[in-house]
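S.K.: Following is a predicted model, sequence given first.
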Amino acid sequence: MAKPFTSQGALLLSRPPPREPLLLFRPSTRIFVPYAPSSLHPVRGRGPLLRARSSIPPSALLRDAAALALVGAGAYSFVRCFDILTERGLIGQKLSRKLVHVFSGLLFMASWSIFSESFEARFFAAFVPFLNCVRLLIYGLSFANDEGLVRSLSREGKPEELLRGPLYYVLVLMFCALVFWRNSPVGVISLSMMCGGDGFADIMGRNFGSVKLPYNKHKSWVGSVFMFLSGFCVSMLMLHFFWMLGYMELAWDPTAKKVALIALSATVMESLPISEVVDDNLSVPLTTMLMTFLLF
Ligand SMILES: C/C(=C\COP(=O)(O)O)CCC[C@H](C)CCC[C@H](C)CCCC(C)C
Ligand SMILES: Nc1ccn([C@@H]2O[C@H](COP(=O)(O)OP(=O)(O)O)[C@@H](O)[C@H]2O)c(=O)n1
């Protein structure tokens, strides 16, 4: 399919009127870089980044700072709510952890839409998972004690549990916000599979997964089927969300087929008996990133 390329040989992922600098997908390097005419023709003697930085309107900085404060407060409140629900015995610890796993990442991804169109907006957004990364390190290494946080995010109530799944999870959130952001299907599908797919696999597999996989007695067919179905559906929903906002331009028939193949790949990876070697919160998003790069 003939795809629009600029004279620099880069693939335009979205067409005017862009709400923010177009994103270049450079086939040779497969790195997403911000494309804005002014940044490719910097003011004499100043590099593109300096040019881009100097062109941020104060209103964008103010908007991004406000969005950062709002999302940061939302993150703290969201986890605190589950802490209280768990503390009062209204939901179990395992379910609490999984609901936080499913919805905090998806809500974080949806929050990308309230940040400005400046290139720096992604840094403001990524600062929220960065803060949570610091928080997990402090309490996971027991430099301080927060029984509520440990209760809502661990399986067995041990602080060191925060240093595996939860920590990898927030690192992936930060990476996707910084590198892929809201113009690229790579980050959107990766987080959808990690949050929506892996999360529901656990919830459904733990409760209804009596028939185990032949090659992994810790995982079940029900869990894997729901990993695929929920991962696919959440990915399509989130792609549609960012498409509606004008950040992506996608042909839905080929997109659905590609997402199905990506979801299948992530499901197979998640089903493998390798959780002791590499956490699902790394293997699932990394597999999804690779497949999305290859297919989109
Ligand atoms: C418990 C979590 C992962 C463990 O996964 P698994 O090992 O069971 O597979 C999720 C940890 C969530 C983290 C502490 C909080 C992340 C908040 C996020 C950066 C921002 C959310 C903002 C939104 C508005 C709620
Ligand atoms: N494909 C899957 C995934 C999880 N599960 C169930 O969910 C539990 C936790 O799954 P997991 O080890 O992937 O947990 P996390 O690493 O996602 O926290 C497993 O012990 C299974 O009971 C499943 O049955 N089938």
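M.R.: Nice, I can see it. Ligands and ions are numbered 1, 2, ... in the order given.
S.K.: Close to ligand 2: what parts of the stretch 51-200 of the chain are there?
M.R.: In this structure, the stretch 51-200 of the chain approaches ligand 2 at residues 165, 198, judged by Cβ under 6 Å from any ligand atom. For the C-beta atoms, the positions are set from N, CA and C on the backbone; glycine is no exception.
S.K.: Nearest to ligand 1: which residue in the stretch 51-200 of the chain?
M.R.: residue 165 (2.0 Å; Cβ to the nearest ligand atom).
S.K.: Which residue lies closest in space to that residue, excluding its sequence neighbours?
M.R.: residue 281 (5.3 Å; Cβ to Cβ, 6 or more residues apart in numbering).
S.K.: State whether that neighbour is indeed within a helix.
M.R.: Yes - Residue 281: assigned to a helix according to DSSP: H, G, I helix; E, B strand; the rest coil.
S.K.: Count the residues that sit near it.
M.R.: Using other Cβ atoms under 10 Å, residue 281 has 24 other residues around it.
S.K.: For residue 218, what are phi and psi?
M.R.: phi -90, psi -10 (degrees, to the nearest 10).
S.K.: what does residue 142 give?
M.R.: The phi/psi pair for residue 142 (degrees, to the nearest 10) reads phi 60, psi 30.
S.K.: Let me see the contact set for it.
M.R.: Residue 142 makes contacts with 159-160, as judged by Cβ atoms under 8 Å, 6 or more residues apart in numbering.
S.K.: Now with 7 Å, please.
M.R.: residue 159 (Cβ atoms under 7 Å, 6 or more residues apart in numbering).
S.K.: separation between it and residue 113?
M.R.: Taking Cβ to Cβ, to the nearest Å as the measure, residue 142 falls 37 Å from residue 113.
S.K.: Residue numbers of this structure in contact with ligand 1?
M.R.: 71, 74-75, 78-79, 97, 100-101, 104, 107-108, 111, 128-129, 132, 153, 165-166, 169-170, 173, 198, 280-281.
S.K.: Recalculate using a threshold of 5 Å.
M.R.: Residues of the chain that fall close to ligand 1, judged by Cβ under 5 Å from any ligand atom: 74-75, 78, 97, 100-101, 104, 107-108, 128-129, 132, 153, 165-166, 169.
S.K.: List buried residues within these.
M.R.: 75, 78, 97, 100-101, 104, 108, 128-129, 132, 153, 165-166, 169 (16 or more other Cβ atoms under 10 Å).
S.K.: from those, which is closest to ligand 2?
M.R.: Distances from ligand 2 to those, taken by Cβ to the nearest ligand atom, are shortest for residue 165, at 5.4 Å.
S.K.: can I assume the closest one is in contact with residue 278?
M.R.: No - taking Cβ atoms under 7 Å as the definition, residue 165 is not a contact partner of residue 278, at 11.5 Å.
S.K.: hmm, back to that, pretty sure the residue nearest to residue 165 is in contact with residue 170, am I right?
M.R.: No - with contact defined as Cβ under 7 Å, residue 281 does not reach residue 170; the gap is 9.2 Å.
S.K.: related to what we said a few turns ago, what sits against the residue nearest to residue 165?
M.R.: Taking Cβ under 7 Å, 6+ apart as the test, what residue 281 contacts is 165, 168-169, 172, 194.
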